[in-house]
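Participant: Mind looking at a prediction? Sequence and model below.
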Amino acid sequence: MHPATTPAKALIRQPALCRWLDLSRSGLDKLRKKDPTFPKPIKDGDTRQAAAYYVLAEVEAWLRTKIEARDAV
């Protein structure tokens with residue numbers, strides 16, 4: 001992702017997020033359960049199979065927070 005060219009409220013689909021974070025789908029599920037600060041998805045419908053999207057700015061902010069916490073130690 002290129003933050004300089006990405007709109008502030010851009011959405012990223014779950015499969016693309018998994019590729020970006022280098023996680024499997026189950027790895028992303030484990031991360032979401034383990035870390036309550038991870039951004040919540042936006043579902044495109046009420047069914048379980050509905051596509052899940054994430055707000056890219058929220059994911060980037062979460063990553064920055066994790067990096068800052070790591071560097072503060």
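Facilitator: It's in. Every value quoted in this text rests on a predicted model; they were computed, and no experiment measured them. Numbers count the residues shown, from 1 in each chain.

Participant: can I assume residue 12 sits in a strand?
Facilitator: Yes - judged by DSSP: H, G, I helix; E, B strand; the rest coil, residue 12 forms part of a strand.

Participant: I'd assumed residue 53 was in contact with it.
Facilitator: Yes - using CB atoms under 8 Å, residue 12 is in contact with residue 53, at 6.7 Å. Bear in mind the C-beta positions are built from the backbone N, C-alpha and C, glycine included.

Participant: show me what contacts residue 53?
Facilitator: Taking CB atoms under 8 Å, 6 or more residues apart in numbering, we find residue 53 in contact with 11, 12, 13, 14, 41, 42, 43, 44.

Participant: Look up how far residue 68 lies from it.
Facilitator: 26 Å (CB to CB, to the nearest Å).

Participant: do you know how far residue 53 is from residue 23?
Facilitator: Taking CB to CB, one finds residue 53 at 16 Å from residue 23.

Participant: can you check residue 55 too?
Facilitator: Taking CB to CB as the measure, residue 55 falls 18 Å from residue 23.

Participant: between these two, who's got more neighbours?
Facilitator: Each of residue 55 and residue 23 had its neighbours counted (other CB atoms under 10 Å), and the higher figure belongs to residue 55 (17 against 14).

Participant: buried sites along stretch 53-67?
Facilitator: Judged by neighbour count (16 or more other CB atoms under 10 Å), stretch 53-67 contains these buried residues: 53, 54, 55, 56, 57, 59.

Participant: How about the spatially most central residue of the chain, nearest residue that isn't a chain neighbour?
Facilitator: In the chain, the residue lying closest to the centroid (CA atoms, centre = their mean) is residue 59, at 4.3 Å. With CB to CB, 6 or more residues apart in numbering as the criterion, residue 59 has its nearest non-adjacent residue at 5.5 Å, and that residue is residue 39.
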